[in-house]
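Participant: Predicted structure and sequence below. I'll ask about it afterward.
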Amino acid sequence: MKETQIFSIVHGRLQEILKTEYYHHGAQLLTYETALDRSTFLGFPYGTLEETRTTTLNDKLEKIERRYWHWSEEQQKFIANDFQKIAAPTF
């Protein structure tokens, strides 16, 4: 598992403002299936990030999901909503 962490100086101190898993590779026990989750990020103005995650199973695309991260002035970090499925393979 690999994760993305973003830090910023908030009130003179280093603070984590975003943390998410962007890559996950796992094998199922007693099977030959290999699952892989991979995320990409796109920044938008006004403190919004878009995360798109693809999931493959044995190198075959299983699903594509997206969620948005919004900047919280109160918490001084990015807050994510839940992933929403945006595409399903049709093969």
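Facilitator: Everything's here; your move. Small disclaimer: the values here were computed from a predicted structure and weren't measured.

Participant: Please name the bridge partners of residue 13.
Facilitator: Counting by DSSP bridges, residue 13 forms beta bridges with residue 10.

Participant: Can we start the residue count at 13 from this point?
Facilitator: Sure thing, new numbering starts at 13, so read that last one as residue 25.

Participant: so how many other residues sit close to it?
Facilitator: 7 (other CB atoms under 10 Å). For every residue, glycine as well, the C-beta is placed using N, CA and C.

Participant: just checking, next helix/strand downstream of the worst-scoring helix or strand of the chain on mean pLDDT?
Facilitator: Lowest mean confidence among the helices and strands of the chain (mean pLDDT, DSSP states H and E): strand 25-39, at a mean of 69. Scanning forward in sequence from strand 25-39 by DSSP states H and E, the next helix or strand is strand 46-56.

Participant: Just the element for the closest residue to residue 95 other than its chain neighbours, please.
Facilitator: Using CB to CB, 6 or more residues apart in numbering and skipping the chain neighbours, the partner closest in space to residue 95 is residue 77 (4.0 Å). Per DSSP H and E, residue 77 falls inside strand 72-84.

Participant: okay, the angle between that strand and strand 46-56?
Facilitator: Using axes from the mean of the first three to the mean of the last three CA atoms, to 10 degrees, the inter-axis angle of strand 72-84 relative to strand 46-56 is 40 degrees.

Participant: what separates strand 72-84 from the chain centre, distance-wise?
Facilitator: Its chain's C-alpha centre and that of strand 72-84 lie 6 Å apart, by CA atoms, centre = their mean, to the nearest Å.

Participant: Output the contacting helices and strands for it.
Facilitator: In terms of contacts (3 or more CB pairs under 8 Å, 6 or more residues apart in numbering; DSSP states H and E), strand 72-84 is packed against strand 60-69, strand 89-92, strand 96-99.

Participant: strand partners of that strand, parallel vs antiparallel please.
Facilitator: Looking at strand 72-84 with DSSP bridges, its partner strands are strand 60-69 (antiparallel), strand 89-92 (antiparallel), strand 96-99 (antiparallel).
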